[in-house]
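> Take a look and give me a structure for this.
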Amino acid sequence: MRQFLPQITPYLHLGWRWPDGLRALRHRNFRLFFFGQLISLTGTWMQATAQQWLVYRLTGSQVSLGVITFAGFLPVLVLSLFMGVLVDRLPRRPILLGTQLWFLLLAAALAALTFAGVIEYWHILLLAVLFGVGNALDMPARQAFHLDLVSRPDLMNAIALNSSVFNGARILGPILGGLVVARLGEAPAFGVNAISYLAVLGGLLMMHLPRAERSGPPGGGWQDFKDGLRYLAADRPVLGMVTMIALFSVFGFPYLILLPAYARTVLGLGAEGFGVLMAATGVGALVSAVSLALTGDRRHKGRLLLTSRALLSVALLGLGLASGVPLAVVALAAAGYAFIAQLAVTNTLIQLIVPDRLRGRVMSTYTWALGGFWPLGALLIGFTGDRLGTSAAILLSAAASLLLTVAGAVLFPETRDLA
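Below you'll find the predicted structure:
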């Protein structure tokens, strides 16, 4: 297969010079990564939509939705800090090849079990844990891989464009997933996701990277791990951003867990309507990512970060108060905009601040804060939704997000000065 890959690559240039707002796409390796992810992430969001609907169909419980998310991200909480040492010591492309193949096999297993009609809740739970093990390594490796693909001046543009891919797929994937589930069931959505990983695998194989992509730092792995934590503790701006991502991952971001129940019990929608709600979040996130790609380098990043936190609070308030589809869609779009703005700006600032030798370890703390604390929030909001109702749980999340916004501005004032 590999001997045919070079014949395909010229078509990815598309015959024009990319404009300045898309300048990261001038890098061949980033183009391969970009288009491969566009395909793969669409499949990922199809699977996420179908899996949430399947879990709620099997159990009828909002807590069960939270437990699946908890299981999927628990390995990230436990393992990702240590995985950062591997990311700094090993070539990143082989790491990503291994994780993508792992995800392909797990998606295929989920599709086979569902197609055979033997799928049970514990199967989904176990596969979620195994997906989480892969993500514990894949997430820090993927974040650190950006500077292997583009030059430092193009980093903000690359991260924003990567976010646009993620959120473009977040629009298309749930819509397709909702349609497929409504007409064919969940299994085909899982199967499409398994096939979609081939796009990323092919893109990684087609890249032209130096033979020695990474060289491990001197010293033992435990010492490397402690060096990364020592750096984090000493750098106030980075510590503040990682801390706030962790807290928002518990109290602000997991509102998405409740969307299946919100669609059915608050708005009276089916699988297709649920897909539309998921896509609305993706529309706002895509607008955010594209605006950052086009203007992010000219905007004051510290102030933008604080504004995005406040906007999330307002959006969740609107979602919790909504009783009809139009307001819910607007609120979800605003929440998606705020969510991706906070993540993209935080990601960029951390990568611009940290030295290259510590990039994998420090980025692993970012992914640990984002993916590791999310399961705790998923359990909390799922439990709250079952006890107090879906809308009440979202309103509590809005209040918590507002308090975190104020607390972050007071406790970490250095963030406001980051340009």
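> wait, A393 sits on L379?
No: at 11.9 Å, A393 does not count as touching L379 under the criterion of CB atoms under 8 Å. To be clear about C-beta, it is placed using only N, CA and C from the backbone, and glycine gets the same treatment.
> which of the two has more neighbours?
More crowded of A393 and L379, by other CB atoms under 10 Å: A393, with 26 against 21.
> okay, the more buried one: pLDDT?
Confidence at A393, expressed as pLDDT, is 92.
> Give me the buried positions along the helix or strand containing it.
Following DSSP states H and E, one finds A393 within helix 390-411. For helix 390-411, a neighbour-count test (16 or more other CB atoms under 10 Å) marks 390-391, 393-398, 400-402, 404-405, 408 as buried.
> where along the protein do the strands fall?
In the chain, no strands are defined using DSSP state E.
> which regions of it sit below the pLDDT cut-off?
The chain contains residues with pLDDT under 70 at 1-21, 167, 170, 211-221, 295-299, 417-419.
> redo that, cut-off 50
Along the chain, the model assigns pLDDT under 50 to residues 1-2, 4-14, 214-215.
> Which residue would you name as the spatial centre of it?
F166 (7.4 Å; CA atoms, centre = their mean).
> For the residue lying closest to that one once chain neighbours are set aside, grab the count of nearby residues.
Among residues not flanking F166 along the chain, L41 sits closest, at 5.7 Å (CB to CB, 6 or more residues apart in numbering). Using other CB under 10 Å, the number of residues around L41 comes to 24.
> Next, count neighbours for the closest residue to P237 other than its chain neighbours.
Of all residues not flanking P237 in the chain, E414 sits nearest, at 4.7 Å (CB to CB, 6+ apart). Counted with other CB under 10 Å, residues neighbouring E414 total 15.
> my read: E414 touches M241, true?
No: contact criterion CB under 8 Å: E414 and M241 do not qualify, at 9.6 Å.
> Could I get the contacting residues of R264?
For R264, the contact set (CB atoms under 8 Å, 6 or more residues apart in numbering) comprises 56, 270, 274.
> any idea how far Q342 is from the first one?
Using CB to CB, to the nearest Å, Y56 is found at 28 Å from Q342.
> Between those two, which has more neighbouring residues?
Q342 (25 against 21).
> hang on, that one packs against A310?
No: in this structure, Q342 is not within contact of A310 by CB under 8 Å, at 10.3 Å.
> So which residues of the stretch 51-200 of the chain form helices?
62-89, 92-115, 121-149, 155-184, 186-206 (DSSP state H, counting those that start in this stretch).
> Please name every helix or strand in contact with the shortest one.
Secondary-structure packing of helix 186-206 (3 or more CB pairs under 8 Å, 6 or more residues apart in numbering; DSSP states H and E): helix 5-8, helix 28-59, helix 92-115, helix 155-184.
> buried set for the third one?
This points to helix 92-115. 92-93, 95-96, 99-100, 102-104, 106-111, 113-114.
> likewise the second one?
Buried residues in helix 28-59, defined by neighbour count with 16+ other CB under 10 Å: 29-56.
> from the chain's centre, how far out does it sit?
Relative to its chain's centre, helix 28-59 lies at 10 Å (CA atoms, centre = their mean, to the nearest Å).
> swap in the third one?
On the basis of CA atoms, centre = their mean, helix 92-115 is displaced by 17 Å from the centre of the chain it belongs to.
> shift numbering so it begins at 14
Yep, numbering from 14; the last one is helix 105-128 now.
> Please work out the angle formed by the directions of it and helix 41-72.
30 degrees (axes from the mean of the first three to the mean of the last three CA atoms, to 10 degrees).
> okay, now V131: neighbour count?
For V131, using other CB under 10 Å, the count is 9.
> For it, give its distance to G85.
From V131 across to G85, the span is 21 Å (CB to CB).
> ok, now R372?
Distance of R372 to G85, given as CB to CB: 25 Å.
> any chance you could map the helices in the stretch 214-363 of the chain?
Assigned by DSSP H, counting those that start in this stretch, the helices in the stretch 214-363 of the chain fall at 234-247, 249-264, 272-274, 284-308, 314-334, 338-366.
> Distance to H221 added to these, as JSON lines?
Formatted as JSON lines, the helices of the stretch 214-363 of the chain follow (distance: least, CB to CB, whole Å):
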{"stretch": "helix 234-247", "distance to H221": "29"}
{"stretch": "helix 249-264", "distance to H221": "32"}
{"stretch": "helix 272-274", "distance to H221": "41"}
{"stretch": "helix 284-308", "distance to H221": "24"}
{"stretch": "helix 314-334", "distance to H221": "32"}
{"stretch": "helix 338-366", "distance to H221": "22"}
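> I appreciate the help and will end here.
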